[in-house]
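Trainee: Got a predicted model here, sequence first, then my questions.
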Amino acid sequence: MKYAEISHFSHPQHNLKFDYTEKPFKCDGCNEVGIGSRYRCSKDHQGCDFDLHAHCALPSASITHPFYKKCSFQFLAQPPGKERRYCNACEKDVSGFVYHCKACGFDLHPCCAMLPMVLDDGETKLFLYRKVSSSCHRCGRKGRSWSYRSSCKKYNLHVACVREMLVDNWRELYKEQNIKRTERKILTLKKTLEHHHRSSSKGKVQKCCEIAGMAVQFVISAVLGDPTALIAGVVGSLISRG
């Protein structure tokens, strides 16, 4: 559901307008990075800098998730209690808007809660798992966070690893206003991905990067809050050719 303009409890002084951007932004709701679709303060021309992911701007009061069938997640404007909390999907800190299950104590970032269960590019499918026994093609570790695994069960990427890779690079990009955006994004993401395969054969690296690049194309968009973000698709597809 999309509206041209909305009012929001987190920014009552001005309305928020639907907008699309290829530049990374910080969501003032969940405090995570975003790209693509967003709701931005209608007075931004007056210096009011306020943005929300679409998932954060138009949340559901409560949701369920296939991984936690006995849980009911309630939308909260801030994490409950005084203890440090983290997202059960990506392992990153929760410092703003969150879906929280009071009974189990689980937390999900709004964008992580909406990660698609299946990623399909027409040739290869990747399925979202809560836990996978095989090692991740980025960090080499098993277990850890939610993972996307190919249907052939040979390729696996932690959501946490993809998120770390993206956040590190997007923060760097966010500070550099005068560099060509697309070329810079491709360069940093590609180098990060290839760094973890230096000991592998060339053929294995190429195949792994094809699968990982396809996953990045989807996961980049979903984690950043916009499954339709065109720039994320461009970056992911070009990485997969490297």
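Mentor: Done, it's in. Residues are numbered from 1 along each chain as shown.

Trainee: Okay, now the unreliable bits of this structure?
Mentor: Within the chain, the ranges that satisfy pLDDT under 70 run 1-2, 121-124, 166-223, 227-242.

Trainee: which residues does Glu5 contact?
Mentor: With contact taken as C-beta atoms under 8 Å, 6 or more residues apart in numbering, Glu5 is in contact with Asn15, Leu16, Lys17, Phe18, Ser42. Every C-beta, even on glycine, is put in place using the N, C-alpha and C of the backbone.

Trainee: and it, what are its bridge partners?
Mentor: Assessed by DSSP bridges, Glu5 has beta-bridge partners Lys17.

Trainee: Tell me how far it lies from Asp120.
Mentor: 34 Å (C-beta to C-beta, to the nearest Å).

Trainee: just to revisit the earlier point, neighbour count for the contacts of Glu5 - can I get that in CSV?
Mentor: As requested, the contacts of Glu5 are exported to CSV (neighbours: other C-beta atoms under 10 Å):
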residue, neighbour count
Asn15, 15
Leu16, 23
Lys17, 16
Phe18, 15
Ser42, 18
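
Trainee: Tell me, domain by domain, which residues of this structure belong where.
Mentor: Split into domains by the TED database, the chain comes to 5-57, 62-113, 115-195+212-235.

Trainee: Tell me, how many residues neighbour Ser7?
Mentor: Residues near Ser7, counting by other C-beta atoms under 10 Å, number 11.

Trainee: Oh, that last question was meant for Lys43, not what I typed.
Mentor: Lys43 has 16 nearby residues by other C-beta under 10 Å.

Trainee: got it, and Ala77?
Mentor: Using other C-beta under 10 Å, Ala77 is surrounded by 12 other residues.

Trainee: Specify the beta-bridge partners of Thr21.
Mentor: Going by DSSP bridges, Thr21 forms beta bridges with Gly36.

Trainee: That one against Gly36, yeah?
Mentor: Yes - at 7.0 Å, Thr21 counts as touching Gly36 under the criterion of C-beta atoms under 8 Å.

Trainee: Compare those two (neighbour count), which wins?
Mentor: Between Thr21 and Gly36, counted using other C-beta under 10 Å, Gly36 has the larger neighbour count: 24 against 16.

Trainee: surely that one meets Cys111?
Mentor: No - applying C-beta under 8 Å as the test, Gly36 and Cys111 come out as separate, 11.2 Å apart.

Trainee: All good on my end, thank you.
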